[in-house]
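Visitor: 3D, please:
(3 chains)
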Amino acid sequence: MRPCHAMNTPSAPEGDRLPIDALLEWYDTNARDLPWRAPDASPWAVLVSEFMLQQTPVNRVLPVYESWLRRWPAPAALAAEPAGEAIREWGRLGYPRRALRLHACAGTLVELHGGEVPDDVDALLALPGVGTYTARAIAAFAYRQRVPVIDTNVRRVLTRVFDGVADSSANVTNLDLDRAKSLLPLQPERAARTSISLMELGALNCVARTPRCSDCPLATQCRWLLAGFPDNAGPVRRPQAFAGTDRQVRGLLMAVLRESPAPVPAGDLDVVWPKAAQRARALDGLVADGLVDPLPDGRFALPGVVTR
DNA sequence: TATCCGTGGAG
DNA sequence: TCTCCAAGGAT
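Guide: Below is the predicted model:
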């Protein structure tokens, strides 16, 4: 629990105490010039960027984002092609299920929304691959709405500023949403800029390992800074193992399929991993996930790329 | 709610 | 070398 402030009135949300003007000025000076932030970026472009940025750093997203939108400038263009083409274009961004979901999302946009990206949070939430973060991000960044946007960056900033704690818990809480909303200016465009500014501050300055507080517009209000940067008391997170896991094997199998223009024989997949049982389990999982298509002749392909 | 799901750069 | 971690979502 955070420190109790029983004397605070509910009508005085803590967000009101943050220097939003300073935050917005910091953003104007320091924000990265990213293509999905350009004034002419379409809602579809924003949506594509948000899918790609899920758990993937900006620098690796940039080239794929450009080629993707060049090839599929609108949802209908993507929906007209097989899912396997989306997986191939996704390249090495990781988590190829996102490519599958983005392809399915394009199909839903065509079928239910006239090929357009809806501007309503609830309608966005109903789309494949769109969760609480992405729906709000599209509403705020593409449609400039006054909607709280909570990602890992914003959560870290709010936790440090308001709780005086180095890191936040794993899940977005109602407290996070209330806090984020309470500090948003009433004017929608200004609110949208505040949301993106908080994210950028978390991404550039208020980073997980070595924060740059000397340049922070919120430094004078930050309880974590004022408390002397105490470490988290709680249990440490489980390290995420990767080497030797099914995850790694799936990645190796997908790489073979992506890089082959034609369906591949089973033998081409066998060589990527020595343990046959684990390899089979990984391949079965990929098939079950719809990422791999087993052909009648025993070969394997990206989904939908072979006309039967 | 905890777990699963890729990849590669940084320190 | 090895650990951490980067704009989450689905189940």
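
Visitor: Surely residue A:110 is in contact with residue A:77?
Guide: No: with contact defined as Cβ atoms under 8 Å, residue A:110 and residue A:77 do not form a contacting pair (9.9 Å). C-beta here means a position set from N, CA and C on the backbone, and glycine is covered the same way.

Visitor: Give me the more crowded residue out of those two.
Guide: Neighbours were counted for residue A:110 and for residue A:77 using other Cβ atoms under 10 Å; residue A:110 has more, 18 against 15.

Visitor: Which helix or strand contains that one?
Guide: With elements taken from DSSP states H and E, the one containing residue A:110 is helix A:97-113.

Visitor: what's the answer for residue A:286, then?
Guide: Secondary-structure assignment from DSSP H and E places residue A:286 in helix A:276-288.

Visitor: Name the residues that touch that helix?
Guide: The contact list for helix A:276-288, computed with Cβ atoms under 8 Å, 6 or more residues apart in numbering, reads A:246, A:249-250, A:253-254, A:269-270, A:272-273, A:292-294, A:300.

Visitor: Are any of those residues buried, and if so which?
Guide: Among these, those scoring as buried are A:249-250, A:253-254, A:269, A:272-273, A:292-293, A:300 (criterion: 16 or more other Cβ atoms under 10 Å).

Visitor: so how many other residues sit close to the residue in the stretch 1-150 of chain A that DNA strand C sits nearest to?
Guide: At 2.6 Å from DNA strand C, residue A:131 is the closest residue in the stretch 1-150 of chain A, using Cβ to the nearest atom of the strand. Per other Cβ under 10 Å, the neighbour tally for residue A:131 reads 12.

Visitor: circling back: packing partners of the helix or strand just after the helix holding residue A:110?
Guide: The helix or strand immediately downstream of helix A:97-113 is helix A:121-125, counting by DSSP H and E. In this structure, helix A:121-125 makes packing contacts with helix A:132-141, judged by 3 or more Cβ pairs under 8 Å, 6 or more residues apart in numbering; DSSP states H and E.

Visitor: please redo it, this time with the cut-off set to 10 Å
Guide: In this structure, helix A:121-125 makes packing contacts with helix A:97-113, helix A:132-141, judged by 3 or more Cβ pairs under 10 Å, 6 or more residues apart in numbering; DSSP states H and E.

Visitor: Now tabulate those in a markdown table and tack on mean pLDDT and distance to residue A:220.
Guide: Formatted as a markdown table, the helices and strands packed on helix A:121-125 follow (pLDDT from 0 to 100; distance: least, Cβ to Cβ, whole Å):
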| stretch | mean pLDDT | distance to residue A:220 |
| --- | --- | --- |
| helix A:97-113 | 98 | 39 |
| helix A:132-141 | 98 | 26 |
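
Visitor: Any idea which of those helices gets closest to residue A:67?
Guide: Between residue A:67 and the helices and strands packed on helix A:121-125, the shortest separation by Cβ to Cβ is 12.9 Å, and it involves helix A:97-113.

Visitor: thinking again about what came up before, contact partners for the residue of the stretch 1-150 of chain A closest to DNA strand C?
Guide: With contacts defined as Cβ atoms under 10 Å, 6 or more residues apart in numbering, the neighbours of residue A:131 are A:54, A:124-125, A:172.

Visitor: now residue A:260
Guide: Counting by Cβ under 10 Å, 6+ apart, residue A:260 makes contact with A:88, A:268, A:299-302.

Visitor: Can you tell me which of those has the most neighbours?
Guide: By neighbour count, taken as other Cβ under 10 Å, the most surrounded of those turns out to be residue A:302 (24 neighbours).

Visitor: Quick check: chain neighbours aside, which residue is closest to that residue?
Guide: What sits nearest to residue A:302 in space, not counting adjacent residues and going by Cβ to Cβ, 6 or more residues apart in numbering, is residue A:84, at 2.9 Å.

Visitor: Can you get me a residue count around the one you found?
Guide: So residue A:84, with other Cβ under 10 Å, has 22 neighbours.

Visitor: how close does it get to DNA strand B?
Guide: Residue A:84 is 14 Å from DNA strand B, where distance means Cβ to the nearest atom of the strand, to the nearest Å.

Visitor: Would you mind confirming that residue A:232 is in contact with residue A:168?
Guide: Yes: with the criterion set as Cβ atoms under 10 Å, residue A:232 and residue A:168 qualify as a contacting pair; they are 9.4 Å apart.
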